[in-house]
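J.: sequence unknown, structure follows:
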């Protein structure tokens, strides 16, 4: 099963580029920029990656952001991620970034987006990995801040495929951002939002009804609401589920309790993703392998997960058919 997973073509649709910041690279960039980290070594930083809830992670996540200052920093960060997922046979990526986490520190929007985009263009030429960029609003900030960010993005709209919502979920419902998401829809962006990771099923319903999302990022708590499950199945709304993230942030106590298998068997359009892999202990193959070991999904379910990823991606029909054909060729031999 491990070799089957390693060879399986995949798409990653839920990935925060700032969450790919491995301690070794963080120390390297901090040294280059003359920034002193509050950790003695790479090893001590690794030990700090022990979280009991989402906020514990976010505290260190934003701390790591502080060393990213130049376009080269964002290029190096993105490039390091792409090299890793190329080795995992990821064929398409949709990368989240948090502009407010950078512009609030005095880093220009252009610096961030150009560094990320340049690495993605290089990876497409070198690895044939297609990509999209999704700009996320930080939900612990107010809607006015999100609206200013949307305005700042206008100059770079040709580089940004979608708008999302992330950061601290509890106490920050989707309805808080319904006006800015309406503006983003009018401007032609794809719409996604984190919902149902720590928040209740009502947050998922709000994301669907008020934000008009095309995908739900996470969506775990949908399993608490039978009517919501039925709706998600009927409307075939993709859920970008992140198993190792859920384990690391104590959304589940162990992966054997993860609802992924039940989600699949009930007809939900689930995908597997790594979320913030530097912090959560695994990129795409590690997530697939971990859930297979815990839940005994089998090849057919794993193939369904891979297919869901390509079908839920924000790509044109030609690229989608190309990737699905690649998956079919692989499955003809290995299923």
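T.: Yep, that arrived. Nothing here was measured: the structure is a model prediction, and the numbers come from that model.
J.: helices or strands up against the host helix or strand of residue 56?
T.: Element membership for residue 56, per DSSP states H and E: helix 54-65. Here helix 54-65 touches helix 100-103, helix 277-280, going by 3 or more CB pairs under 8 Å, 6 or more residues apart in numbering; DSSP states H and E. Using the backbone N, CA and C atoms, a C-beta is placed for each residue, glycine as well.
J.: average pLDDT across the last one?
T.: Model confidence over helix 277-280 averages 92 on the pLDDT scale.
J.: Show me what the helix or strand just after it is packed up against.
T.: The helix or strand immediately downstream of helix 277-280 is helix 284-295, counting by DSSP H and E. In terms of contacts (3+ CB pairs under 8 Å, 6+ apart), helix 284-295 is packed against helix 2-7, strand 10-16, helix 243-248, helix 260-265, strand 269-272, helix 298-312.
J.: For helix 284-295, buried residues please.
T.: For helix 284-295, burial by neighbour count (16 or more other CB atoms under 10 Å) applies to 284, 285, 286, 287, 288, 289, 290, 291, 292, 294, 295.
J.: Kindly report the same for stretch 11-30.
T.: Under the neighbour-count criterion of 16+ other CB under 10 Å, stretch 11-30 has 11-23, 25-30 buried.
J.: Strands of this protein, start to end?
T.: 10-16, 90-97, 130-138, 162-166, 190-195, 215-218, 238-241, 269-272 (DSSP state E).
J.: Point out where the protein drops to low pLDDT.
T.: Applying pLDDT under 70 to the chain flags no residue at all.
J.: As JSON lines, the helices and strands packed on helix 284-295 with distance to residue 87 would be great.
T.: Shown next, in JSON lines, are the helices and strands packed on helix 284-295 (distance: least, CB to CB, whole Å):
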{"stretch": "helix 2-7", "distance to residue 87": "9"}
{"stretch": "strand 10-16", "distance to residue 87": "12"}
{"stretch": "helix 243-248", "distance to residue 87": "17"}
{"stretch": "helix 260-265", "distance to residue 87": "23"}
{"stretch": "strand 269-272", "distance to residue 87": "17"}
{"stretch": "helix 298-312", "distance to residue 87": "16"}
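J.: Of the ones you listed, which is nearest residue 334?
T.: helix 2-7 (5.7 Å; CB to CB).
J.: which residues sit against that closest one?
T.: Here helix 2-7 makes contact (CB atoms under 8 Å, 6 or more residues apart in numbering) with 88, 89, 285, 288, 289, 292, 299, 302, 330, 334.
J.: Go again with 10 Å.
T.: Helix 2-7 has contacts (CB atoms under 10 Å, 6 or more residues apart in numbering) with 87-89, 284-289, 291-293, 297-299, 302-303, 305-306, 330-331, 333-335.
J.: before we move on, back to that, kindly calculate the angle that the helix holding residue 56 makes with strand 190-195.
T.: Calculated by axes from the mean of the first three to the mean of the last three CA atoms, to 10 degrees, helix 54-65 forms an angle of 130 degrees with strand 190-195.
J.: Next, the buried residues of helix 54-65.
T.: So, applying 16+ other CB under 10 Å, buried residues of helix 54-65: 54, 56, 57, 58, 60, 61, 62, 64, 65.
J.: Out of the helices and strands packed on helix 284-295, flag the one nearest residue 151.
T.: It is, among the helices and strands packed on helix 284-295 and with distance given as CB to CB, strand 10-16, at 22.5 Å.
J.: Tell me the spatial nearest neighbour of residue 1, not counting adjacent residues.
T.: residue 292 (5.4 Å; CB to CB, 6 or more residues apart in numbering).
J.: residues touching that neighbour, list them.
T.: Taking CB under 10 Å, 6+ apart, we find residue 292 in contact with 1, 2, 4, 5, 255, 298, 299, 301, 302, 305.
J.: For these, give me TSV that also has neighbour count and distance to residue 97.
T.: Shown next, in TSV, are these (neighbours: other CB atoms under 10 Å; distance: CB to CB, whole Å):
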residue	neighbour count	distance to residue 97
1	14	33
2	11	31
4	18	32
5	23	28
255	18	28
298	13	35
299	15	34
301	18	31
302	23	29
305	24	25
